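Asks: need coordinates for the below:
(4 chains)
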Protein chains: 2
Amino acid sequence: MLGIQTISRQRLGDKIADVLRNQILLGEMNPGSNIPERETAEALGVSRTPLREALLILEGEGLVIMAPAKSPVVANPTVNEITQLILVQSALEGLAGECACEVITTDELDRVQSMHQGLIAIADQAEALDFFSADMAFHEAIVAATKNLPLIKTHAQYNSRVWRARFMSSRRRVKKRSITLQEHANIVEGLVLRDKDQTSAALQQHLRDAITNIATVFANQENQE
Amino acid sequence: MLGIQTISRQRLGDKIADVLRNQILLGEMNPGSNIPERETAEALGVSRTPLREALLILEGEGLVIMAPAKSPVVANPTVNEITQLILVQSALEGLAGECACEVITTDELDRVQSMHQGLIAIADQAEALDFFSADMAFHEAIVAATKNLPLIKTHAQYNSRVWRARFMSSRRRVKKRSITLQEHANIVEGLVLRDKDQTSAALQQHLRDAITNIATVFANQENQE
DNA sequence: ATTATTTATTTGGTATACCAAATTATCTTG
DNA sequence: CAAGATAATTTGGTATACCAAATAAATAAT
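Replies: Next comes the predicted model:
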């Protein structure tokens, strides 16, 4: 039983969705594993109705697959699907870069820069998850600076869907952290110069790299089997 | 009572969502109007459970706003929100254009071209809704040609959210149909040449125009009040 | 007559009950 | 013992019941 029913005006289903989403992202629920409704509801100390509500939300986000007369399942995207997802993500971040150049405030820019510095600081010793999370947060901060709510939300959803695959690939150290930092430096520079093209291109480059890295990891996995 | 409960393996909630989505897009439900659960459920001849499921789906798509302890409401985006939505849409279609240049088949290209010709043919006498629908279908066909499912789905959702505003603006004839046709011609040409830059740019231009046209319509509306 | 207060009612949120399809286990039959 | 048929059980889908918060209505006090 988790501490879900805290005092709040948010729907239970939303909170359950948050819990499940975290479990999925953090790998506590493996891709492909079942999410039986009664069992899960009981484990969370809630009824099936809000649990189902949460599952519907996650289905809409693409994190859960619900087939008729089958237990809901944690999404388990193929390499191709992940590639497609990151392609969209790169378009979204490209737009975010352009918009950010126009509307980012100096405060927000400072924050992005300090996040970049923070990432540099921990690059030597940080755990994979910590470094990866900080990396993601850096990108989220840029997207957030656009103040474009639909963009922010859609980007966050795509982030969720590719989170695990990107984390796996970052954990394998396929990509050197130094490269990540250099790309981030380009992005920051673009923002400082308010150069749409540079910012957008740097952000997209970052994600194109992610695609090749993930493809490598998947290829290795298949060789092992 | 609508003919919802036909024999099918699809969840009731999905079908209800389809019905409501159509009603919203076609203007049978006005933006801002309430969707009381019991009343609507009864009107559709279903119980509240699947109706709520449908509302959750539509909330996820941004077509319905559900606030705590208030009746669900048909989304009523402001000009700014619509502008933001179309910005994202333009990024998505830009990506679609690039991908389509790579992966579109000759059959699909033929279909796009014939849709373009069809649009030219009806431009003189078609009703606003028919012309607009055909215009939208043309764009959807291009996005579909990418075979990128997440892109297709996300694009469709953004399409839904801006549908009404774009339809209103097209109905006011703010934009001459001849301009639309010329832009479409550029898009088709880009696809035929497999020119990513031209295709992408033409698609984005199309939507940037949409933004200014919609802004005009909204400005006129406010003047009238 | 107006405002404040309280009661009634409506509404969304959650839990439970029921159903049908699908799966699994059991039993029967070759 | 193996294979097919049938019964039992599990699971998701839907309907109903109940609750709490919010709103509307009615009443009382100024």
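Asks: burial measure for the closest residue to DNA strand C within chain A, as a count.
Replies: Per CB to the nearest atom of the strand, A:Leu12 is where chain A lies closest to DNA strand C, at 2.9 Å. In this view, the C-beta of every residue, glycine as well, is placed from N, C-alpha and C. The burial count assigned to A:Leu12 is 18, neighbours taken as other CB atoms under 10 Å in any protein chain shown.
Asks: now it. Nearest residue, chain neighbours left out?
Replies: Leaving out its chain neighbours, the residue that sits closest to A:Leu12 by CB to CB, 6 or more residues apart in numbering or on different chains is A:Pro50, at 3.8 Å.
Asks: name all residues that make contact with the one you found.
Replies: By CB atoms under 8 Å, 6 or more residues apart in numbering or on different chains, the contact list for A:Pro50 reads A:11-13, A:16.
Asks: which two of those have the greatest separation?
Replies: Largest separation among these by CB to CB: A:Arg11 and A:Ile16, giving 8.9 Å.
Asks: close to chain B: what parts of chain A are there?
Replies: Taking CB under 8 Å from any CB of the partner chain as the measure of proximity, chain A contacts chain B at A:9-11, A:13, A:49, A:52-53, A:56-57, A:60-62, A:68, A:81, A:84-85, A:87-88, A:90-92, A:94-95, A:99, A:148-151, A:154, A:158, A:161.
Asks: filter those residues down to the ones in helices?
Replies: Among the residues of chain A next to chain B, the ones falling in helices (DSSP state H) are A:13, A:49, A:52-53, A:56-57, A:60-61, A:81, A:84-85, A:87-88, A:90-92, A:94-95, A:99, A:149-151, A:154, A:158, A:161.
Asks: okay, and A:Asp135 sits in which element?
Replies: helix A:128-145 (DSSP states H and E).
Asks: longest single helix anywhere in chain A?
Replies: The residue-count maximum for a helix in chain A (DSSP H) belongs to helix A:196-224.
Asks: excluding its backbone neighbours, what's nearest A:Trp163?
Replies: Excluding its sequence neighbours, the residue lying closest to A:Trp163 (CB to CB, 6+ apart) is A:Leu25, at 5.0 Å.
Asks: how close does the residue of chain A most remote from its centre sit to DNA strand D?
Replies: In chain A, counting by CA atoms, centre = their mean, A:Ala69 sits farthest out from the average C-alpha position, at 29.7 Å. As judged by CB to the nearest atom of the strand, to the nearest Å, A:Ala69 and DNA strand D stand 5 Å apart.
Asks: angles on the backbone of that residue, please.
Replies: phi 60, psi 20 (degrees, to the nearest 10).
Asks: next: A:Val73.
Replies: Torsion angles, degrees, to the nearest 10, at A:Val73: phi -130, psi 140.
Asks: and the residue positioned nearest the centre of chain A, how far from A:Ser133?
Replies: In chain A, the centroid-proximal residue (CA atoms, centre = their mean) is A:Asn159; its distance is 2.7 Å. Counting by CB to CB, to the nearest Å, the gap from A:Asn159 to A:Ser133 is 11 Å.
Asks: re the thing from before, can you list the residues that contact the helix holding A:Asp135?
Replies: Helix A:128-145 has contacts (CB under 8 Å, 6+ apart) with A:92-93, A:96-97, A:100, A:103-105, A:108-109, A:111-112, A:115-116, A:118-119, A:122-123, A:126, A:151-152, A:155-156, A:159, A:163, A:166-167, A:170-171, A:173, A:177, A:180, A:184, A:187, A:191, A:203, A:206.
Asks: please pick the buried ones from the residues you listed.
Replies: A:92-93, A:96-97, A:100, A:104, A:108-109, A:111-112, A:115-116, A:119, A:126, A:151-152, A:155, A:159, A:163, A:166-167, A:170, A:177, A:180, A:184, A:187, A:191, A:203, A:206 (16 or more other CB atoms under 10 Å in any protein chain shown).
Asks: who are the contact partners of whatever residue of chain A ends up closest to DNA strand D?
Replies: Nearest residue of chain A to DNA strand D (CB to the nearest atom of the strand) works out as A:Ser71 at 3.0 Å. By CB under 8 Å, 6+ apart, the contact set of A:Ser71 is A:34-37.
Asks: now swap in A:Thr106 and tell me
Replies: Counted by CB under 8 Å, 6+ apart, A:Thr106 has zero contacts.
Asks: and for A:Gln23?
Replies: Contact partners of A:Gln23, counting by CB under 8 Å, 6+ apart, are A:Met29.
Asks: now it: how far from A:Ile16?
Replies: Separation of A:Gln23 from A:Ile16 (CB to CB) stands at 11 Å.
Asks: in the worst-scoring helix or strand of chain A on mean pLDDT, which residues are buried?
Replies: One helix or strand of chain A scores below all others by mean pLDDT, DSSP states H and E: helix A:196-224, with a mean of 90. Neighbour-count burial for helix A:196-224 flags A:196, A:198-204, A:206-207, A:209-211, A:213-215, A:217-218 (criterion: 16+ other CB under 10 Å).
Asks: just the CA coordinates of the one helix or strand A:Gln117 maps to, formatted as CSV?
Replies: In this assignment (DSSP H and E), A:Gln117 forms part of helix A:106-122. What follows is helix A:106-122, C-alpha atoms only, in CSV (Å, rounded to 0.1, in the frame of the first residue of the first chain):
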residue,chain,number,x,y,z
THR,A,106,17.4,35.9,-18.6
ASP,A,107,16.4,34.1,-15.4
GLU,A,108,15.4,31.1,-17.3
LEU,A,109,18.6,31.3,-19.4
ASP,A,110,20.6,31.5,-16.2
ARG,A,111,18.9,28.4,-14.9
VAL,A,112,19.7,26.5,-18.0
GLN,A,113,23.3,27.5,-17.9
SER,A,114,23.6,26.6,-14.2
MET,A,115,22.1,23.2,-15.0
HIS,A,116,24.6,22.8,-17.7
GLN,A,117,27.4,23.7,-15.3
GLY,A,118,26.0,21.3,-12.7
LEU,A,119,26.1,18.5,-15.3
ILE,A,120,29.7,19.3,-16.0
ALA,A,121,30.4,19.2,-12.3
ILE,A,122,29.0,15.7,-11.7
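Asks: so who does A:Arg48 touch?
Replies: Shown in contact with A:Arg48 (CB under 8 Å, 6+ apart): A:37-38, A:41.
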